[in-house]
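Trainee: here's a sequence, model it:
(2 chains)
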Amino acid sequence: EAGVVQSPRYKIIEKKQPVAFWCNPISGHNTLYWYRQNLGQGPELLIRYENEEAVDDSQLPKDRFSAERLKGVDSTLKIQPAELGDSAVYLCASSRVQGESEAFFGQGTRLTVV
Amino acid sequence: SQQGEEDPQALSIQEGENATMNCSYKTSINNLQWYRQNSGRGLVHLILIRSNEREKHSGRLRVTLDTSKKSSSLLITASRAADTASYFCATAFGGFKTIFGAGTRLFVKA
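Mentor: Take a look at the predicted model:
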């Protein structure tokens, strides 16, 4: 079974530039999560999708962050414009049943904003 | 914050010893999960324990849950160097929101 695939693995951009991350969840997993993880911290939930519907985006900084999950499969997370404080690892995860089953995580995208 | 909090923040033991990590949380939960993260494999799910369960085992892992104290513990028996990683508890509550703690960094010396 293929795992959660994220790309790119690494991204370095200058502040004020846009950046996008892509995630392909495990086939058949309806729930998709985007997390942000700062160094030495646990993952922080940004947004959770149930199929194509964003059911929890309370932690997403909506002034600069946006996300979409077209057709309830792949998802993209965008930051525009990026700030220095956005440097972190962005993790995508998927699960079969929201909150009631294990979440499978991708390897993440390490973003560095300079 | 309704985040789980792990204790200790860091733990260093000798190979073969047991490692115990604790997690405390603030609100009623649906379930609690433990994850491991190392540089090689990213975040990996270890075990899920539901709110009506008190103990679960998986190989060398033993998890307990005390809902009256809002706490959980993860015991790794006969630790190995390969167990060196960060361990996170994640609590799922209300609307199935899952919140991670800051983690315990375990170092197992060979």
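Trainee: which residues of chain B lie near chain A?
Mentor: B:3, B:30-31, B:33, B:42-45, B:48, B:88, B:90, B:92, B:95-103 (Cβ under 8 Å from any Cβ of the partner chain). Every C-beta, even on glycine, is put in place using the N, C-alpha and C of the backbone.
Trainee: what kind of secondary structure is A:K71 in?
Mentor: helix (DSSP: H, G, I helix; E, B strand; the rest coil).
Trainee: just the pLDDT at it, thanks.
Mentor: Looking at A:K71, its pLDDT is 85.
Trainee: what's near enough to touch the closest residue in space to it that isn't next to it in sequence?
Mentor: Of all residues not flanking A:K71 in the chain, A:E52 sits nearest, at 6.6 Å (Cβ to Cβ, 6 or more residues apart in numbering or on different chains). Applying Cβ atoms under 8 Å, 6 or more residues apart in numbering or on different chains, we find A:E52 in contact with A:69-72.
Trainee: can you select the buried ones from those residues in ChimeraX?
Mentor: Buried members of the contacts of A:E52 can be picked out in ChimeraX with the line below, counting by 16 or more other Cβ atoms under 10 Å in any protein chain shown:
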select /A:69
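Trainee: need the buried ones from the residues of chain B next to chain A selected in ChimeraX.
Mentor: Selection command for ChimeraX covering only the buried members of those, criterion 16+ other Cβ under 10 Å:
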select /B:3,30,31,33,42,43,45,48,88,90,92,96,97,98,99,100,101,102,103
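Trainee: among the residues of chain B next to chain A, which ones are in strands?
Mentor: Among the residues of chain B next to chain A, the residues falling in strands (DSSP state E) are B:31, B:33, B:42-45, B:48, B:88, B:90, B:92, B:97-100.
Trainee: can you pull the residues of chain A lying near chain B?
Mentor: By Cβ under 8 Å from any Cβ, the residues of chain A that approach chain B are A:33, A:35, A:40-45, A:48, A:55-56, A:91, A:93, A:98-108.
Trainee: please indicate which of the residues you listed are buried?
Mentor: Using 16+ other Cβ under 10 Å, the buried ones in these are A:33, A:35, A:41-45, A:48, A:56, A:91, A:93, A:98-99, A:101-108.
Trainee: which of those fall in strands?
Mentor: Those of these mapping onto strands are A:33, A:35, A:44-45, A:48, A:56, A:91, A:93, A:104-105, per DSSP E.
Trainee: make a markdown table from these and add pLDDT to it.
Mentor: Listed next are these as a markdown table, based on pLDDT from 0 to 100:
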| residue | pLDDT |
| --- | --- |
| A:Y33 | 94 |
| A:Y35 | 95 |
| A:E44 | 93 |
| A:L45 | 92 |
| A:R48 | 92 |
| A:D56 | 86 |
| A:L91 | 97 |
| A:A93 | 95 |
| A:F104 | 92 |
| A:F105 | 95 |
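Trainee: out of those residues, flag the one nearest to B:D83.
Mentor: Comparing those against B:D83 with Cβ to Cβ picks out A:F105 as the nearest, at 18.6 Å.
Trainee: residues contacting that closest one?
Mentor: A:4, A:91-93, B:42-44.
Trainee: mind redoing it with 10 Å?
Mentor: A:F105 is in contact with A:3-4, A:6, A:33, A:35, A:37, A:43, A:91-94, B:35, B:37, B:41-45, counting by Cβ atoms under 10 Å, 6 or more residues apart in numbering or on different chains.
Trainee: what strands line up against the helix or strand containing B:E6, and which way round?
Mentor: B:E6 is located in strand B:5-7, with elements delineated by DSSP states H and E. Strand B:5-7 pairs in its sheet with strand B:19-24 (antiparallel), by DSSP bridges.
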